[in-house]
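>>> What shape does this take:
(chains A, B, C and D)
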There are 2 protein chains.
Amino acid sequence: MTNPSAAVTVIIADDHQLFAEGLLSMFAADEEIRCIGKAGSGEELLAKLIHNKPAVIILDIKMPVMDGIKVLQLIKKQYPEIKVIMLSTYADRNTIQNSIANGADGYLFKNANRQELKNAILGAIANNPSFPDLQQSMDSAKERLKLYTLTYNITRKELEIMDLIKVGHTNQQISEILFRSIFTIETHRRNIMQKLHLRSHAGLTRFLFETEF
Amino acid sequence: MTNPSAAVTVIIADDHQLFAEGLLSMFAADEEIRCIGKAGSGEELLAKLIHNKPAVIILDIKMPVMDGIKVLQLIKKQYPEIKVIMLSTYADRNTIQNSIANGADGYLFKNANRQELKNAILGAIANNPSFPDLQQSMDSAKERLKLYTLTYNITRKELEIMDLIKVGHTNQQISEILFRSIFTIETHRRNIMQKLHLRSHAGLTRFLFETEF
DNA sequence: CCTAAAATACCAACTAGTAGGTATTTTATT
DNA sequence: AATAAAATACCTACTAGTTGGTATTTTAGG
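Next comes the predicted model:
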């Protein structure tokens, strides 16, 4: 280490031990980043913070019982000086905006790479928060469409509706959001289910989450 | 390294780069295990295997487009000598049994720790596959019940029904599985939704997946 | 410009789940 | 043995989603 005192201290909160331990080893040899702990739940993290305050927290959004956004709120209320980077498996516009609204200092996907995570950490302490860019989101949406088109022949509109179904909207709500007749939405939905070989709404929701759609 | 030639070669297949890279660094300093690659999808993995055969593959079950079980089948068909350890976020009895039926050499949860993963890898090459134990599953079910009871006051029966809902069963099907009246299931479901402050089936399914229930 | 695919819209009959009730039986705990 | 919680069961009216049709308009590609 060239300058150990300058290393950014980090705590990782993720309910998957393997993931948390992986990140720990990832930065074990890093001079700029020093992981000083991990937590398997929001509760555990908050307890740890009482005696051990890092510069940055890497916070998984999807955790049992207390979700990441709630934990973010509590941290920012009690320790506004600690930077928090949210980690998520997928891009939900709502969650991203919620994170921003609650003072997160970054938002990263789990399929980011090591360098991107490091940049996010260093960016956070430099008051340079990084969030998924609109343009980039569009690109990944295109990627996804291409993928789904190839395997299931899902069209642009169908994908759009799948997103809205995943967020939990009913056909009625979707029809209002898209300014279309509910019959149109029903038709799209029917086509989606046919293409994915599904038979029920539950099956569709299941598919959307299981494939990390 | 005391004996480099004896190191078990491993390839990791997971669509989350951070996770895969984390595991790579995790065993970077390990003498017994040598990670020789990673893949972000089933397709990428299969392509890699043509020129680069490891002793063990660590295979995430939940991957876009081609799911882990399908990948497992293809691997075992073409390269029966390669050991495959399945990785999953949660314990779905069906998936575990499917993995066993298709010749997997182990099944691990993502909230296992480093040592458990290492044991699974070494166990796999020693023809000593490790799968979630029935007794252990029961214990984790109890843990989960305790957790949900504390936060939401979910009862044993309600938890049982939540499991069946998650798998995609309708009230009718659940009533047949449990030999109970459909009215009973409806009542339970209503109580579940009330306790979790949810208003629709979609919301419930969403909850079940988002909280990694 | 033509054409095929995609998106739009509608109808009717049906199945599944929700909401607001009530009420009995079973099980666990003092 | 008393009691409280949990599990069971039923009814009605209602909302949401499914299925099997049909048909028109828009859009993108050759």
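
>>> Which residue lies nearest the spatial centre of chain A?
By CA atoms, centre = their mean, chain A has its centre lying nearest to A:Ser88, at 2.1 Å.

>>> so what's the residue in chain A positioned nearest to chain B up against?
Per CB to the nearest CB, A:Gly22 is where chain A lies closest to chain B, at 2.0 Å. C-beta: built from backbone N, CA, C; applies to glycine. Residues near A:Gly22 by CB atoms under 8 Å, 6 or more residues apart in numbering or on different chains: B:18-19, B:21-23, B:25-26.

>>> As a markdown table, these with secondary structure and distance to DNA strand C would be great.
As requested, these are exported to a markdown table (DSSP: H, G, I helix; E, B strand; the rest coil; distance: CB to the nearest atom of the strand, whole Å):
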| residue | secondary structure | distance to DNA strand C |
| --- | --- | --- |
| B:Leu18 | helix | 33 |
| B:Phe19 | helix | 33 |
| B:Glu21 | helix | 36 |
| B:Gly22 | helix | 38 |
| B:Leu23 | helix | 38 |
| B:Ser25 | helix | 43 |
| B:Met26 | helix | 42 |
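
>>> Please report phi then psi for the residue nearest to the centre of chain A.
phi -150, psi 160 (degrees, to the nearest 10).

>>> pLDDT below threshold where in chain A?
Chain A contains residues with pLDDT under 70 at A:1-5, A:64-66, A:90-94, A:133-142, A:144, A:211-213.

>>> Name the nearest residue to the residue nearest to the centre of chain A, sequence neighbours excluded.
In space, A:Ser88 comes closest to A:Ile61 once its chain neighbours are excluded; the distance is 4.6 Å by CB to CB, 6 or more residues apart in numbering or on different chains.

>>> Using PDB, write down the CA coordinates of stretch A:89-107.
C-alpha atoms of stretch A:89-107 as PDB (Å, rounded to 0.1, in the frame of the first residue of the first chain):
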ATOM      1  CA  THR A  89     -30.100  -7.000 -10.100                       C
ATOM      2  CA  TYR A  90     -32.300  -5.100 -12.500                       C
ATOM      3  CA  ALA A  91     -33.300  -1.700 -13.600                       C
ATOM      4  CA  ASP A  92     -36.600  -0.600 -12.200                       C
ATOM      5  CA  ARG A  93     -37.200   3.100 -12.900                       C
ATOM      6  CA  ASN A  94     -39.200   3.400  -9.700                       C
ATOM      7  CA  THR A  95     -36.500   2.000  -7.500                       C
ATOM      8  CA  ILE A  96     -33.800   4.100  -9.100                       C
ATOM      9  CA  GLN A  97     -35.800   7.300  -8.600                       C
ATOM     10  CA  ASN A  98     -36.600   6.200  -5.100                       C
ATOM     11  CA  SER A  99     -33.000   5.800  -4.400                       C
ATOM     12  CA  ILE A 100     -32.100   9.200  -5.700                       C
ATOM     13  CA  ALA A 101     -35.000  10.800  -3.800                       C
ATOM     14  CA  ASN A 102     -33.700   9.300  -0.600                       C
ATOM     15  CA  GLY A 103     -30.200  10.600  -1.000                       C
ATOM     16  CA  ALA A 104     -28.300   7.600  -2.400                       C
ATOM     17  CA  ASP A 105     -24.800   8.300  -3.700                       C
ATOM     18  CA  GLY A 106     -25.000   5.800  -6.600                       C
ATOM     19  CA  TYR A 107     -26.900   3.000  -8.100                       C
END
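
>>> That one and chain B in contact?
Yes - shown here: stretch A:89-107 in contact with chain B (CB under 8 Å from any CB of the partner chain) through A:Thr89.

>>> who's in contact with that stretch?
Contacts of stretch A:89-107 (CB under 8 Å, 6+ apart): A:56, A:61-62, A:69, A:72-73, A:76, A:80, A:83-86, A:88, A:109-111, A:120-121, A:123-124, A:129-132, A:137, A:140, A:167, A:212-213, B:16.

>>> list the contacts for the residue nearest to the centre of chain A?
A:60-62, A:68, A:95, A:107-110.

>>> same question, A:Ser25
Counting by CB under 8 Å, 6+ apart, A:Ser25 has contacts B:22, B:25-26, B:28.

>>> I'd like to know which of the contacts of stretch A:89-107 are buried.
Buried by 16 or more other CB atoms under 10 Å in any protein chain shown: A:56, A:61-62, A:69, A:72, A:76, A:83-86, A:88, A:109-111, A:120-121, A:123-124, A:129-132, A:167, A:213, B:16, out of these.

>>> Looking at those residues, which are in helices?
Filtering the buried ones among the contacts of stretch A:89-107 for membership in helices, criterion DSSP state H, returns A:69, A:72, A:76, A:120-121, A:123-124.

>>> List just the nearest of the contacts of A:Ser25 to DNA strand D.
Within the contacts of A:Ser25, proximity to DNA strand D (CB to the nearest atom of the strand) peaks at B:Gly22, which comes in at 37.8 Å.
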